[in-house]
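**Student:** The amino acid sequence is not available; the structure is as follows:
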């Protein structure tokens with residue numbers, strides 16, 4: 001009887017520890033998801049600005065021959 005109680009306590013502690021570990025992983029995944037949502041919204045804003053620049057302002061990317069690379073001293 002006592003051995004059964006010891007075994008059951010051990011199983012409980014083991015499962016509790018695993019549960020806490022899984023909760024930590026869940027929190028990390030929630031944080032990563034939030035970061036990805038922010039990144040997605042930022043990227044969509046850039047593409048929207050680029051679309052407006054191309055369509056409304058008739059802007060286009062310069063040809064490589066017209067790009068001058070400057071080096072910082």
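**Tutor:** Ah, there it is. Nothing here was measured: the structure is a model prediction, and the numbers come from that model.
**Student:** Helix or strand: which one has residue 59?
**Tutor:** Under DSSP states H and E, no helix or strand contains residue 59.
**Student:** all helices of the protein, in order?
**Tutor:** 2-55 (DSSP state H).
**Student:** Please list the outside residues in contact with stretch 17-34.
**Tutor:** Taking contacts as Cβ atoms under 8 Å, 6 or more residues apart in numbering, no residue outside stretch 17-34 touches it. In this view, the C-beta of every residue, glycine as well, is placed from N, C-alpha and C.
**Student:** How far away from the center of its chain is that stretch?
**Tutor:** Mean C-alpha position of stretch 17-34 versus that of the full chain (Cα atoms, centre = their mean, to the nearest Å) differs by 14 Å.
**Student:** Averaged pLDDT, that stretch. What do you get?
**Tutor:** Averaged over stretch 17-34, pLDDT sits at 98.
**Student:** Can you give me the pLDDT of the spatially most distant residue from the centre of the chain?
**Tutor:** Distance to the chain centre peaks in the chain at residue 1, reaching 50.1 Å (criterion: Cα atoms, centre = their mean). According to the prediction, residue 1 has pLDDT 79.
**Student:** Look up how far residue 10 lies from it.
**Tutor:** 15 Å (Cβ to Cβ, to the nearest Å).
**Student:** Any idea how many residues pack against residue 53?
**Tutor:** 13 (other Cβ atoms under 10 Å).
**Student:** how about the nearest residue to it, chain neighbours excluded?
**Tutor:** Excluding its sequence neighbours, the residue lying closest to residue 53 (Cβ to Cβ, 6 or more residues apart in numbering) is residue 59, at 4.3 Å.
**Student:** Can you pull the phi/psi pair for that neighbour?
**Tutor:** Main-chain torsions, residue 59, degrees, to the nearest 10: phi -90, psi 150.
**Student:** likewise residue 72?
**Tutor:** Torsion angles, degrees, to the nearest 10, at residue 72: phi -80, psi 130.
**Student:** Which pLDDT value belongs to residue 48?
**Tutor:** Here the pLDDT value assigned to residue 48 is 88.
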